[in-house]
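Novice: Predicted model follows, preceded by the sequence.
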Amino acid sequence: MGHTSGVEDAQELEWRIYSVSDLRAPGRLRSIGVAIESDPDFRPTIAARTFPPKRRLKASFADYTAALESRFDPNEAEGWFTERDITPRGRGEVLLMDKGRLGQRLPHTMDGGVVDVGWFESAEYFERMASYLERVADCVGAFYGYCALNLMVLQRVRLLKKNAVTWLGRLSGVGRGMEDLARELPDVYWWNYFGPAYVERWGDRLKTVGVKRTTTPGGAMAIWATETPFVFDPRARRLDSYEWKRTFYGALGEDVFMREGQRQREPGEVVPSLGPQSPPVKARLLPRVVVLSDAAPLDEPDDA
């Protein structure tokens, strides 16, 4: 499988999906719950509005998310955390930005991971994971998403800091590590989800990259950059040390992905726009799912 020797216990197959769709519309939370529990091997067993989640699900996960609709404040960033405590073990979280103060341009995020990477025994398991993520991404009207071995994600941050452009950045090890999705994408990973706006912008160029491509029912394109997520090379000295990444850089644009030598462009210049500019953010950004230890617990559905 190509697992990295000696570090498997620290590995996780992690994913992140971004959306600027209206995920607070009536019925939308139930549909998200249906997508998240659509594969029995990735279905959460624990869910709560605060971290760490300890509330075991009594009914379907879709029932739980549907019941949150009446409990969510449209003027607050809201969300939930999940865990799966049976093999394959996993985790997840969803954060919905509010509908007013912070602006729709700030993406909602869906994160997750499968801890038991040894569970992925064959190509069939990767197919299932990819199909599952495509359903979730389509369900939330995602514009972008990725899935990768966590070691690849951590390496990206280390290399961006190590190869900082400025002298001061190299000295302090504080190269820019956080992407601005209105201007660029973070990197190329095993599974890459490009929403309809990306498909419209790049067209046939998307058909020249990766080892597998799927057009989803939602009009997006999901592309596998490699046959397996387990391609981590601890000896890589630059992000473009991976040849399979360089094909994406060349086909989709040198400044699309964050990497050494990339020049950050204006919003919408090399990637699709996320929409109108948000007003200045004056309110607190922390979601209500992050609560103080002495605060009253958030209301949870009793029968879900």
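Specialist: Right, received. Where do you want to start? Numbers count the residues shown, from 1 in each chain.
Novice: and stretch 144-152, C-alpha only, in PDB?
Specialist: Provided in PDB are the C-alpha atoms of stretch 144-152 (Å, rounded to 0.1, in the frame of the first residue of the first chain):
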ATOM      1  CA  TYR A 144     -13.700  23.000  -3.700                       C
ATOM      2  CA  GLY A 145     -12.600  20.100  -1.600                       C
ATOM      3  CA  TYR A 146      -9.700  17.700  -1.100                       C
ATOM      4  CA  CYS A 147      -8.800  14.400   0.700                       C
ATOM      5  CA  ALA A 148      -5.200  13.400   1.500                       C
ATOM      6  CA  LEU A 149      -3.000  11.700   4.000                       C
ATOM      7  CA  ASN A 150      -2.500  14.100   6.900                       C
ATOM      8  CA  LEU A 151       1.200  13.800   6.500                       C
ATOM      9  CA  MET A 152       1.000  15.400   3.100                       C
END
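Novice: Please compute how far that stretch lies from its chain's middle.
Specialist: 8 Å (Cα atoms, centre = their mean, to the nearest Å).
Novice: hmm, who's touching that stretch?
Specialist: 4, 7, 10-18, 110, 113, 117, 129-130, 133, 137, 181, 185-187, 189-195, 198, 229-232, 234 (Cβ atoms under 8 Å, 6 or more residues apart in numbering). Every residue, glycine included, has its C-beta placed from N, CA and C.
Novice: Out of these, which sit inside helices?
Specialist: In helices, defined here by DSSP state H, the members of the contacts of stretch 144-152 are 129-130, 133, 137, 198.
Novice: sorry, back to before: and the contacts of stretch 144-152, which are buried?
Specialist: By neighbour count, with 16 or more other Cβ atoms under 10 Å, the contacts of stretch 144-152 hold 11-18, 110, 113, 117, 129-130, 133, 137, 181, 185-187, 189-195, 198, 229-232 as buried.
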